[in-house]
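# Pasting a predicted model and its sequence here:
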Amino acid sequence: MDLRLATLALLDLHGIPYVEQWGQGRAKNIAHLLDEIEEGECTLVIGRGGKLTRVLDVVLMRIYCKNMVLVERERAFKDGRDISRSLDGSLAEKMTQGETCREAAIRALSEELGVHLQPFEHDLLVHTNTYRKLLESVSFPGLLTERIVRTVDFTMPEKYVHEKYCEVQDDKVTTFAWIPWSERPWK
């Protein structure tokens, strides 16, 4: 059976409301989940109490420069939705299967900010913590999500600092900007 059809059958079997609730408000659509699965960014497992659970590894970056910290300001979707998130860091990136924390952080800097580190700068990425978080998914209502979060601190060299950064994707534009350290949303 095709992976996409098997995933839809699994969602139906567990009564997940992907037709009724996904793709509205803060929720992503079914194509997003299918892409995550195909790209190795998540897996679906039968979790606690027999509940269908989306499991993913995430690198959460906290990016600093002098007395400033980078934060995600806005996510503007092409369908007209504007969604702001309160992250515990500057940016979060789903890891792919077999990818190390450092490799994911380097990829995130490149894809989301257009920052292409030189190999000698890789040591500026410091893995500080790993923890698990189980929660009801905002992105995919009805699914539990278990995140294995790897926190990485990064002191950005001044040569890469811009007033703001924009990541343009097929379905959205995400904007990042610097704020004073004292106003950071995490402690």
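That came in fine, so what should we check first?
# Next one, pLDDT for the closest residue in space to F140 that isn't next to it in sequence please.
Using Cβ to Cβ, 6 or more residues apart in numbering and skipping residues adjacent in sequence, the residue nearest F140 is L33, 5.8 Å away. No exception for glycine: its C-beta is placed from N, CA and C like everyone else's. L33 is assigned 96 on the pLDDT scale.
# Need phi/psi at L33.
phi -60, psi -40 (degrees, to the nearest 10).
# Same check on E74?
Torsion angles, degrees, to the nearest 10, at E74: phi -160, psi 150.
# and the nearest residue to it once chain neighbours are set aside, how many neighbours does it have?
Distances taken as Cβ to Cβ, 6+ apart place T175 nearest to E74, at 4.8 Å, with adjacent residues excluded. The number of residues packed near T175 is 14, by other Cβ atoms under 10 Å.
# Show me what T175 bridges to in the sheet.
Taking DSSP bridges as the rule, T175 bridges to E74, C166.
# my guess is it meets C166, correct?
Yes: between T175 and C166 there is a contact under Cβ atoms under 8 Å: 5.3 Å.
# Which residue ranges of the protein form strands?
Applying DSSP state E to the chain gives strands spanning 43-46, 52-65, 68-77, 82-83, 91-94, 125-136, 144-155, 164-168, 172-180.
# How about the backbone phi and psi for the nearest residue to D88 once chain neighbours are set aside?
Sequence neighbours aside, W186 is the residue nearest to D88 in space, at 4.6 Å (criterion: Cβ to Cβ, 6+ apart). Dihedral pair for W186: phi -120, psi 160, per degrees, to the nearest 10.
# and W186, what does it touch?
W186 is in contact with 62, 87-89, counting by Cβ atoms under 8 Å, 6 or more residues apart in numbering.
# May I ask which two of those residues are separated the most?
Based on Cβ to Cβ, the longest span within the contacts of W186 runs between R62 and L87 and measures 9.4 Å.
# Which one's more surrounded, these two?
Legend: neighbour count by other Cβ under 10 Å for R62 and L87, higher for R62 (21 against 15).
# pLDDT score for the spatially closest residue to D170 that is not a sequence neighbour?
The shortest distance from D170 to any residue other than its chain neighbours is 7.9 Å, reached at K78 (Cβ to Cβ, 6+ apart). K78 is assigned 87 on the pLDDT scale.
# For V115, see how far away K78 is.
Separation of K78 from V115 (Cβ to Cβ, to the nearest Å) stands at 25 Å.
# Neighbour count: these two, which is higher?
V115 (20 against 10).
# I'd assumed F154 was in contact with the more buried one.
No: here V115 lies out of contact with F154, judged by Cβ under 8 Å, at a distance of 9.3 Å.
# Mutual contacts of the two, please.
L109.
# What are the buried residues along the longest helix seen in the chain?
Taking DSSP state H as the criterion, the chain has its longest helix at helix 3-13. Of all the residues in helix 3-13, those buried under the rule 16 or more other Cβ atoms under 10 Å are 7-8, 11.
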